[in-house]
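My questions are about this predicted structure, shown below with the sequence.
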Amino acid sequence: MTSLVGTGVLLRFHLRRDRVMIPVWVAVNALMVLSMPNTLKGLYGTEAERADLLRQVATNSSLRALIGPVFDDSLGALTAWRVGAYAGVLAAVTGLLVVVRHTRDEEESGRQELIASGVVGRRASLTAALLAAAVASGALGLLVTAGLAGHGPAGALAFGLGLAAVGMLFATTAAIVAQLTESARLARGLTAGALGAAFVLRAAGDSGSADGSSVLSWLSPLGWLSQLRPFAGERWWVLGLFAAAIAAQAALAYVLAGRRDLGMSFVPTRPGPASGRLGTAGALAWRLQRGGVLGWSIGFFLAGVVYGGLTDSVADLVGDNDKAREIFERMGGRSGITDAFLASMTGMLGLVAALYVVASVLRLHGEETSMRAEPVLANAVGRLRWASGHLVIAFGGSALIMLLAGLGLALGYGKEAGPILGACLMQVAAVWVIGGLAVLLYGLAPRLAPLAWGVAGAVLLIGWVGPALDAPQVVLDLSPFGHLPKLPGGDMEWGPVLVLLGLAGVLVTGGLAGLRRRDLTT
């Protein structure tokens, strides 16, 4: 047990460092889940409406691929169906971020070596990281269970445990990947890739089977969450699959951690050239971030294709449901249900793109705190030139992924591409405001830079949940996305767009001015 000495102290330290990140991610996820029953009650208040929804889902493979199969017409079962896959994804992202931050990130920055010089066991850091992820997953599970208990205690418990299990499953996946790679960035990317593969497997399986019996669905942990069937005759034995997978992955992570030296990995990073293509700060920034840009680009294009393929069936799905039509109109304008759906989908993709721009901007913070920025700045490279390389990728990359999302939407919809591309690119103005705020926080007060994640999470929550809850317009206007014209179908208004672009420019300028004047983090 000497290998676990110091675990308690490290756990308290990790939770203190994550006192903002974990509550924000858990709160956004829990609020998304707990707001859904009232929304669904307004949308499908009668048994006939809910039965009709089940028939439509059973016959619409695209909708099953996007959301999953539905097994019962109760509000609890519909809630688990409507948000289960996406709540599971958010829980998985929380788990992988926490584990990579407190394992590979610490080793890459050199802080783990300082910690290891004290009375700390060999596996204490890994154990503390997994326990921190367990705290986040457990908190989400408790909130969901308590919030949905009124719709059936057994179903609420099953759903809460399922979400917590998904979070821990990908936390242990991240623990394994962190032993295999030397880079925290690569560890996050590979684990996120595994999560994306799990989502694709579930989507492919669910699209081909109305009852979720496809083999592909069973190959995905996100499919297990659906197969748990909360509020629809719970299959408690599915939790055993989660437990076995979590235990096996955790055991493998512990074995790997005990067989490598601190700072090393089983798959060492291939050294790159010191000149040529990496002869400039901008080229180095591209080399560091190109994997993320590629992954986000592929994801947005595929999401656009899926959403575009659903467009023709939206009118049938909504039918005469005035409440559903009203929600789409609050999100996408009053230009007809098809245009309103496209506008709402472009808005949702824009909200997710805000997460990309924050992650890309905060790469500057990671380079600085890990002291990799100092060797670059020790040469004939100024701070603004160094920062501009990453910012071009952050802001240009966000425009690129929205453009690809628009191409995907147009391809899936099969109609004229111009209005859809314009609607997607219009979201970039609001995305850049979020990115500009991240630059400002990083430039003026780097210790507060992670708060940009909280801002992005709050904007995401307002955009996703606000229209469904019929939130007051003053609340919706807190998000920069609330000021954009509702395209396609609505009237183009350049005034708000230009104001947002100007605000983004001011925020970036202020952040760069602060970066130029302050000391680097030591």
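Received the coordinates, thanks.

So for the helix or strand where N38 lies, what gets flagged as buried?
Assigned by DSSP states H and E, N38 belongs to helix 36-43. Using 16 or more other CB atoms under 10 Å as the test for burial, helix 36-43 gives 36-37, 39-40, 42-43. (Each C-beta comes from the backbone N, C-alpha and C, glycine too.)

What is the neighbour count of A380?
A380 has 6 neighbouring residues, counting by other CB atoms under 10 Å.

hey, where'd the helices end up in the stretch 101-250 of the chain?
104-109, 111-116, 124-148, 153-180, 184-208, 215-218, 221-227, 238-257 (DSSP state H, counting those that start in this stretch).

returning to what we had before: restrict the helix or strand just after the helix holding N38 to CA atoms and write it as PDB.
Note on helix 36-43: by DSSP H and E, the next helix or strand toward the C-terminus is helix 47-59. Extracted C-alpha coordinates of helix 47-59, given in PDB (Å, rounded to 0.1, in the frame of the first residue of the first chain):
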ATOM      1  CA  GLU A  47     -50.600   9.700 -24.300                       C
ATOM      2  CA  ALA A  48     -51.600  10.000 -28.000                       C
ATOM      3  CA  GLU A  49     -48.900  12.500 -28.700                       C
ATOM      4  CA  ARG A  50     -46.300  10.400 -27.000                       C
ATOM      5  CA  ALA A  51     -47.400   7.200 -28.800                       C
ATOM      6  CA  ASP A  52     -47.200   9.100 -32.100                       C
ATOM      7  CA  LEU A  53     -43.700  10.200 -31.200                       C
ATOM      8  CA  LEU A  54     -42.700   6.500 -30.500                       C
ATOM      9  CA  ARG A  55     -44.000   5.500 -33.900                       C
ATOM     10  CA  GLN A  56     -42.100   8.300 -35.700                       C
ATOM     11  CA  VAL A  57     -38.800   7.400 -33.900                       C
ATOM     12  CA  ALA A  58     -39.300   3.700 -34.800                       C
ATOM     13  CA  THR A  59     -39.600   4.600 -38.500                       C
END
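
now the helix or strand following helix 47-59: mean pLDDT?
Proceeding N to C from helix 47-59, the next assigned helix or strand is helix 61-66, under DSSP H and E. Helix 61-66 carries an average pLDDT of 73.

go on, stretch 356-368?
88.

okay, H390: pLDDT?
If you check H390, the pLDDT there is 91.

Tell me the spacing between it and V439.
H390 sits 10 Å away from V439 when distances are taken as CB to CB, to the nearest Å.

got any residues that touch both of these two?
Both H390 and V439 are contacted by V361, under the criterion CB atoms under 8 Å, 6 or more residues apart in numbering.

These two: which is more packed in?
A direct count of neighbours by other CB under 10 Å for H390 and V439 places V439 higher, at 31 against 24.

So the closest residue to the more buried one other than its chain neighbours, which state does it fall into?
Take V439 and drop its neighbours on the chain: the residue closest to it by CB to CB, 6 or more residues apart in numbering is G511, 3.5 Å away. Recorded secondary structure, G511: helix (DSSP: H, G, I helix; E, B strand; the rest coil).

In contact with G511: list those residues for me.
436, 438-444.

mind redoing it with 7 Å?
439-440, 442-444 (CB atoms under 7 Å, 6 or more residues apart in numbering).

any idea how far A134 is from it?
36 Å.

and what of A80?
Going from A80 to A134 by CB to CB gives 22 Å.

How about A399?
According to CB to CB, A399 stands 38 Å off from A134.

confidence score at A136?
A136 is assigned a pLDDT of 95 by the prediction.

for V431, same thing?
pLDDT, V431: 95.

Can you say which helix or strand has L425 in it?
helix 418-426.

next helix or strand past that helix?
Scanning forward in sequence from helix 418-426 by DSSP H and E, the next helix or strand is helix 428-444.

so L441 touches A449, yeah?
Yes: at 4.9 Å, L441 counts as touching A449 under the criterion of CB atoms under 7 Å.

right, and the helix or strand after the helix or strand of the chain with the lowest mean pLDDT?
Least confident helix or strand of the chain, by mean pLDDT, DSSP states H and E, is helix 322-332 with a mean of 55. Next along the chain after helix 322-332, taking DSSP H and E as the criterion, comes helix 337-361.

And that next one, what does it pack against?
Helix 337-361 makes packing contacts with helix 281-318, helix 322-332, helix 383-413, helix 418-426, helix 428-444, helix 451-465 when contacts are defined by 3 or more CB pairs under 7 Å, 6 or more residues apart in numbering; DSSP states H and E.

which stretch among these comes nearest R12?
Nearest to R12, of all the helices and strands packed on helix 337-361, is helix 451-465, at 21.6 Å by CB to CB.

Can you list the neighbours in contact with the closest one?
Residues outside helix 451-465 that contact it (CB under 7 Å, 6+ apart) are 20-21, 24-25, 28, 31-32, 35, 347-348, 351, 354-355, 358, 362, 434, 437-438, 441, 475-476, 478-479, 481.

Stretch 87-94 too?
Here stretch 87-94 has contacts from 25-26, 29, 32-33, 136-137, 140, 163, 166-167, 170, 195, 199, 222, 225, using CB under 7 Å, 6+ apart.

again, but for stretch 135-150
The contact list for stretch 135-150 (CB under 7 Å, 6+ apart) reads 15, 22, 25-26, 29-30, 33-34, 76, 79, 91, 94-95, 98, 156-157, 159-161, 163-164, 167-168.

re earlier: dump the contacts of G511 into JSON lines; add pLDDT and distance to D519 as well.
Below are these laid out as JSON lines (pLDDT from 0 to 100; distance: CB to CB, whole Å):
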{"residue": "V439", "pLDDT": "95", "distance to D519": "18"}
{"residue": "L440", "pLDDT": "95", "distance to D519": "18"}
{"residue": "Y442", "pLDDT": "92", "distance to D519": "14"}
{"residue": "G443", "pLDDT": "91", "distance to D519": "12"}
{"residue": "L444", "pLDDT": "91", "distance to D519": "13"}
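
Just the closest of these to L515, please.
Distances from L515 to the contacts of G511, taken by CB to CB, are shortest for G443, at 4.0 Å.

Compute the number of surrounding residues for the closest one.
Residues lying near G443 (other CB under 10 Å) number 24.

Correct me if wrong: it contacts R516.
No: in this structure G443 lies outside contact range of R516 using CB under 7 Å: 8.1 Å.

buried residues in the helix holding L425?
Neighbour counts over helix 418-426 (16+ other CB under 10 Å) mark 419-421, 423-426 as buried.

pull the CA atoms of it into CSV?
Provided in CSV are the C-alpha atoms of helix 418-426 (Å, rounded to 0.1, in the frame of the first residue of the first chain):
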residue,chain,number,x,y,z
GLY,A,418,-25.7,29.4,-50.4
PRO,A,419,-28.2,30.4,-47.6
ILE,A,420,-27.0,27.6,-45.4
LEU,A,421,-23.3,28.5,-45.7
GLY,A,422,-24.2,32.1,-45.0
ALA,A,423,-26.1,31.1,-41.9
CYS,A,424,-23.2,29.0,-40.6
LEU,A,425,-20.6,31.7,-41.2
MET,A,426,-22.8,34.2,-39.4
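
what is the orientation angle of that helix with helix 383-413?
150 degrees (axes from the mean of the first three to the mean of the last three CA atoms, to 10 degrees).

Can you give the contact residues for helix 418-426?
Contact partners of helix 418-426, identified using CB under 7 Å, 6+ apart, comprise 342-343, 346, 349, 399, 402-403, 405-406, 409-410, 413, 484-485, 487-488, 497.
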